[in-house]
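**Student:** Structural data only, the sequence is not supplied:
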């Protein structure tokens, strides 16, 4: 390689280094210019958290079962295992008391009162999934009632609403009322089924539409938790769905239905359109029923069945005792024998043993905070 070629290579290397250095310098100047242009003494509001409300994250609706998940077991004879997972938002936590910045004195604010008895009968934390509905401002019952009426049932589960009135009381939503917060409650179980994932998803979708129309924001509980509670509650219902019957078997020929109706009305029964007879409890409720075991239009029957819906009659009513007393009275009137489902006579010792089992049943329901004949029991076993 000649000296001339070496000189060209050296010159090229110097040129390349110079170009790279120049580019680096230009990048540095440009960066400093940008920093000066966007420099500010103010805080970046996107990086601040104090005083800025945090957006609420909506729970994901998982339609699949959780592998390996276990459900809490209900033991009605011990401490109640059914506990509400959600409750009235404004009544459960102490209200925040504002502070006057000029005097540094606490300003007293009235605490919302717990739900009234009537409101608690509609939306019950023990048997309902509660969904708070926060409002942008006070709303009138006249305005929101027509919208709420469009969502009263999901599947077979009833939905009820209560509102926090301007007086500070939770109450059923009525025309003329003014409310600052709402609660929706969907019953988690009935006599036949528990609230399921499809029903809950449908509820959430439809409730969001209702909430948009009335200017509210629902706080939806997590589906997995709600499903676990619903299944636990339904297991309780299924385990206490007890109906007791005693039968009257004619000792002679079959009874004429036309004659039988008069005898049963004299005994105190009310005749129902479906052909069943109901024994009222004297306060607008029902003690037990009676059926003739034949279709409507039949002329005769030789067997009557008295039926007590045990969880729907309060212990103080002594529904089983009243039913047995009624059966004994009809024995004399109709010339009949009290028998079981196999037509075997039910004697006094057997009836006394059944009565003892009924009393134990009532104690179990009481221990689970769902007393027989209570509003909770009537809703669950209706």
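**Tutor:** Now that the structure is in, tell me what you want to look at. These numbers were taken from a predicted model, which means no experiment stands behind them.

**Student:** Just checking: what are the partner strands of the strand or helix carrying residue 217?
**Tutor:** According to DSSP states H and E, residue 217 maps onto strand 216-218. When sheet partners are counted by DSSP bridges, strand 216-218 sits next to strand 128-140 (antiparallel).

**Student:** Give the next helix or strand downstream of the strand it pairs with.
**Tutor:** As assigned by DSSP H and E, the chain's next helix or strand after strand 128-140 is helix 141-148.

**Student:** quick one, phi/psi of the closest residue to residue 303 other than its chain neighbours?
**Tutor:** Nearest non-adjacent residue to residue 303, counting by CB to CB, 6 or more residues apart in numbering: residue 293, 5.0 Å away. Every residue, glycine included, has its C-beta placed from N, CA and C. Here is the backbone geometry of residue 293 (degrees, to the nearest 10): phi 60, psi 20.

**Student:** what's the neighbour count on residue 293?
**Tutor:** Number of residues near residue 293 (other CB atoms under 10 Å) recorded here: 12.

**Student:** where in the stretch 1-150 of the chain is pLDDT low?
**Tutor:** Within the stretch 1-150 of the chain, the segments meeting pLDDT under 70 span 1-120.

**Student:** follow-up on the earlier one: pretty sure the residue nearest to residue 303 contacts residue 300?
**Tutor:** No: counting by CB atoms under 8 Å, residue 300 is not a contact partner of residue 293; they are 11.1 Å apart.

**Student:** State the pLDDT value of the residue nearest to residue 303.
**Tutor:** In this prediction, residue 293 carries a pLDDT score of 93.

**Student:** for it, what are its contacts?
**Tutor:** Residues in contact with residue 293, defined by CB atoms under 8 Å, 6 or more residues apart in numbering, are 301, 303, 304, 305.

**Student:** which of those lies closest to residue 135?
**Tutor:** The nearest member of the contacts of residue 293 to residue 135, counting by CB to CB, is residue 305 at 52.1 Å.

**Student:** May I ask which helix or strand encompasses that closest one?
**Tutor:** Using DSSP H and E, residue 305 sits in strand 303-309.

**Student:** Would you mind listing the buried residues in that strand?
**Tutor:** Buried residues in strand 303-309, counting neighbours by 16 or more other CB atoms under 10 Å, are found at 303, 304, 305, 306, 307, 308, 309.

**Student:** Also stretch 242-259?
**Tutor:** For stretch 242-259, a neighbour-count test (16+ other CB under 10 Å) marks 244, 246, 247, 248, 250, 255, 257 as buried.

**Student:** got CSV for these, with distance to residue 196, pLDDT and secondary structure too?
**Tutor:** Converted to CSV, the buried residues of stretch 242-259 look like this (distance: CB to CB, whole Å; pLDDT from 0 to 100; DSSP: H, G, I helix; E, B strand; the rest coil):
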residue, distance to residue 196, pLDDT, secondary structure
244, 30, 95, strand
246, 36, 96, strand
247, 37, 97, strand
248, 41, 97, strand
250, 46, 96, strand
255, 46, 96, strand
257, 43, 93, helix
